[in-house]
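**Student:** below are the sequence and a predicted model; questions follow.
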2 protein chains.
Amino acid sequence: MAQATERLQRYLDDELGECRSEDVERRLEELSTLEAGLGTAQAKAELDVLSALSSETRYTLVRVLVAAGEELCVCELQAVVDVTESGLSHALSALADAGLVESRKDGRWKKYRATNRVTALVTVLEGSVNTDE
Amino acid sequence: MAQATERLQRYLDDELGECRSEDVERRLEELSTLEAGLGTAQAKAELDVLSALSSETRYTLVRVLVAAGEELCVCELQAVVDVTESGLSHALSALADAGLVESRKDGRWKKYRATNRVTALVTVLEGSVNTDE
DNA sequence: CGGATACTTGACTACTTGCTCAATTAACTG
DNA sequence: CAGTTAATTGAGCAAGTAGTCAAGTATCCG
């Protein structure tokens, strides 16, 4: 990290035309403030959400649940993804842990639905990612 | 999949109180329509974005760039994450591939900034994921 | 030019993760 | 109650991935 600081110093020299080490300190502080931003717990939670979504199987499930706009039975979701019953269960469980789907037991069937959180997210994703590039 | 169809049939029996196999066919079609939704290419692109974001290092970089609201030099970003110079370069390259950051060469320094796409995404993420639960 | 500096690239590795199989729990049905 | 069906859980494995090291490219400077 000492090396890195030297490089930053050279960079600031270049940018500002001056070289005081207090400028380096200040910049380091600014950067760490940016990183802290909202708490680390929050960032961790966001990362959990992203990790939960970043698998083809799980993202497909989420997209279907969001598109459906209503709760779907596990056995219906089974028709949508190409994994075993067990794999599907693991996937849904991961999504539930991340707060992206909610479940309700109905007799011997179990129904899952997308939470508001993930609905908003998928909507923005679909809007911001355009294939026309 | 044959097994799965039988289960779906039993489920629809339960739900609708009727058991015609054409109902099963119809439901399967509805589900596949939901899955198709926007094209598969689009879904793939969305998944790429999610995958690119779902690593602590890369997500931290993105959050910092978004919070900064301006371009930052690689050497500044180096102060933010805990990986080698090479690891940082790999991370930035992955983000660029996903269209989440853009880079510009400035003399011997290289500067990265967040794209609009990722700014929107991070904003929604931060808004929708609240740690108060 | 030759040396230093900023950053990237490719190969390799340790770790993570998504999946399957087998066993288990829970709810309905005769 | 025993048997069947729906779904979950845990163990283990194959494939993917984030990181490091070493070497390479590109830019500046004396």
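**Tutor:** Received the coordinates, thanks. What you see is a predicted model, and the numbers here were worked out from it, not measured in a lab.

**Student:** what about the most centrally placed residue in chain A, which SS state?
**Tutor:** The C-alpha lying nearest the average C-alpha coordinate of chain A belongs to A:L50 (CA atoms, centre = their mean; 1.9 Å). State at A:L50, reduced to three classes by DSSP: H, G, I helix; E, B strand; the rest coil: helix.

**Student:** confidence score at it?
**Tutor:** Here, the pLDDT recorded for A:L50 equals 97.

**Student:** doesn't B:V62 make contact with it?
**Tutor:** No: if you go by CB atoms under 8 Å, A:L50 and B:V62 don't touch, sitting 10.1 Å apart. All C-beta atoms are positioned from the backbone trio N, CA, C, and that covers glycine.

**Student:** find residues that contact each of these two.
**Tutor:** B:L53 (CB atoms under 8 Å, 6 or more residues apart in numbering or on different chains).

**Student:** show me where pLDDT drops low in chain A?
**Tutor:** A:1-2, A:130-133 (pLDDT under 70).

**Student:** what does it put close to DNA strand D?
**Tutor:** A:73-75, A:78, A:85-86, A:88-90, A:92-93, A:103, A:108-110 (CB under 7 Å from any atom of the strand).

**Student:** pick out the most distant pair among these.
**Tutor:** A:H90 and A:R108 (19.8 Å; CB to CB).

**Student:** these two - which one has more neighbours?
**Tutor:** Applying other CB atoms under 10 Å in any protein chain shown to A:H90 and A:R108 shows that A:H90 carries more neighbours, namely 14 against 8.

**Student:** and the next element down the chain from the one helix or strand that one maps to?
**Tutor:** Taking DSSP states H and E as the definition, one finds A:H90 inside helix A:85-97. Moving toward the C-terminus from helix A:85-97, the next helix or strand (DSSP H and E) is strand A:101-106.

**Student:** so what strands line up beside that following strand?
**Tutor:** Each strand that pairs with strand A:101-106, with its direction, by DSSP bridges: strand A:109-114 (antiparallel).

**Student:** hmm, who's touching the partner strand?
**Tutor:** A:62, A:65-66, A:68, A:70-75, A:77, A:92, A:95-96, A:100-105, A:122, B:11, B:14.
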